[in-house]
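# Pasting a predicted model and its sequence here:
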Amino acid sequence: MRDLKRFGIDRGTIWTEIRAHRILRLRKGWVSLPTISPSEIRAVEAHGLLTCSAAARVLSYPVENAHFHIRSRRDEVNEFRTTRRKTPARIGACVGLVEMVIDYSTCQKAEWTLALVDHLERVRALTASDWVSVENAIPEAQRRIVRMRSGVPESTLESVVRFQLTQSKIHHTMQVPIGRYRVDFVLGRGLVLETHGAEFHSERADWERDRRKVAWLRADGWDVLEISYSQVFEEWDSVLRTIRTALSRQRNGRI
Ligand SMILES: [Zn+2]
């Protein structure tokens, strides 16, 4: 209600819209469009704001595992709740981006945090001083992940693979131009690693283009390893063994 009044919309107009069911009154002082999501309604009813993956989902950032997580200072809220800070910035029923990243990085797994901060870096959602605020508010282990952020990865899957490669101390370069193509990763001297997330490779035309790309790369002398979403998330150990075998084969000069 306060936001609307700031835009010059008076109380009478708001109530006319509420009575006509064009906007919803969620609780005292809180109205919304009827298109609001159930999680936002729950947050407002609990006198809280969405944060962590719940806020990321509402704000259309890529999240795989959204759970209901709110920031609220009310004790009677039994839901997943973080109370330690006030929330100066707010986007609708969500905390601001700085607070969202702070909660996300301390709540979610490191590889998911890296995927989120890579995405936020790519779309330049936070300023340099926003990032400093995030880094100052989180423990060292999480700070290390946030500082790894890069706008180069183009998908969640690429961010997760880069996290895993870094953990395994495998040197890699991302988004490398080769001929008229660009590949996701180059490892060692001649191993290309291509990731295939479900979102970008569902079309037949894409599949055909990928086959031509791989054939060209192999003819050009590259060793090419293609990995899928489920291989990354469910069979990473096996992928890692394959990568190590391919790299040692290269070192032995057998290709
Ligand atoms: Zn959470």
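Yep, that arrived.
# who are the neighbours in contact with residue 8?
Going by CB atoms under 8 Å, 6 or more residues apart in numbering, residue 8 touches no other residue. For every residue, glycine as well, the C-beta is placed using N, CA and C.
# Now it: which helix or strand?
Here residue 8 sits in a region with no helix or strand, counting by DSSP states H and E.
# For it, give me phi and psi.
phi 90, psi 20 (degrees, to the nearest 10).
# gap between it and residue 14?
12 Å (CB to CB, to the nearest Å).
# now do residue 95
24 Å.
# cool, and residue 150?
Counting by CB to CB, the gap from residue 150 to residue 14 is 44 Å.
# got it, and residue 169?
Residue 169 is 58 Å from residue 14, by CB to CB.
# Neighbour count: these two, which is higher?
Neighbour comparison, residue 169 and residue 14: the larger count goes to residue 14, with 16 against 6 (by other CB atoms under 10 Å).
# residue contacts, the nearest residue to residue 130 once chain neighbours are set aside?
Setting aside the residues directly before and after it, residue 130 is nearest to residue 98 in space (CB to CB, 6 or more residues apart in numbering), at 5.1 Å. Contact analysis of residue 98 by CB under 8 Å, 6+ apart lists 89, 126, 130, 133, 134, 137.
# rerun at 6 Å
130, 133, 134 (CB atoms under 6 Å, 6 or more residues apart in numbering).
# ditto for residue 122
residue 151.
# That one and residue 69: what is the separation?
24 Å.
# Pull out the buried positions in stretch 38-48.
Residues of stretch 38-48 classed as buried: 39, 40, 41, 42, 43, 44, 46, 48 (neighbour count, 16 or more other CB atoms under 10 Å).
# Which pLDDT value belongs to the residue nearest to residue 130?
At residue 98, the pLDDT value in this model is 95.
# Wasn't it part of a helix?
Yes - the assignment for residue 98 by DSSP: H, G, I helix; E, B strand; the rest coil puts it in a helix.
# Rounded mean pLDDT for the one helix or strand residue 115 maps to, please.
Counting by DSSP H and E, the element that carries residue 115 is helix 110-122. Average pLDDT, helix 110-122: 96.
# That helix close to the ion?
No - using CB under 5 Å from the ion, helix 110-122 stays clear of the ion, with a minimum separation of 10.2 Å.
# what's the angle from the helix or strand following that helix to helix 110-122?
As assigned by DSSP H and E, the chain's next helix or strand after helix 110-122 is helix 128-137. Helix 128-137 and helix 110-122 meet at an angle of 160 degrees, taking axes from the mean of the first three to the mean of the last three CA atoms, to 10 degrees as the criterion.
# Show me what helix 128-137 is packed against.
helix 97-107, helix 140-147 (3 or more CB pairs under 6 Å, 6 or more residues apart in numbering; DSSP states H and E).
# Up against the ion, what does the stretch 101-250 of the chain have?
residue 107.
# Which element, helix or strand, includes residue 227?
Using DSSP H and E, residue 227 falls in strand 223-228.
# average pLDDT for that strand?
Strand 223-228 shows a mean pLDDT of 94 in the predicted model.
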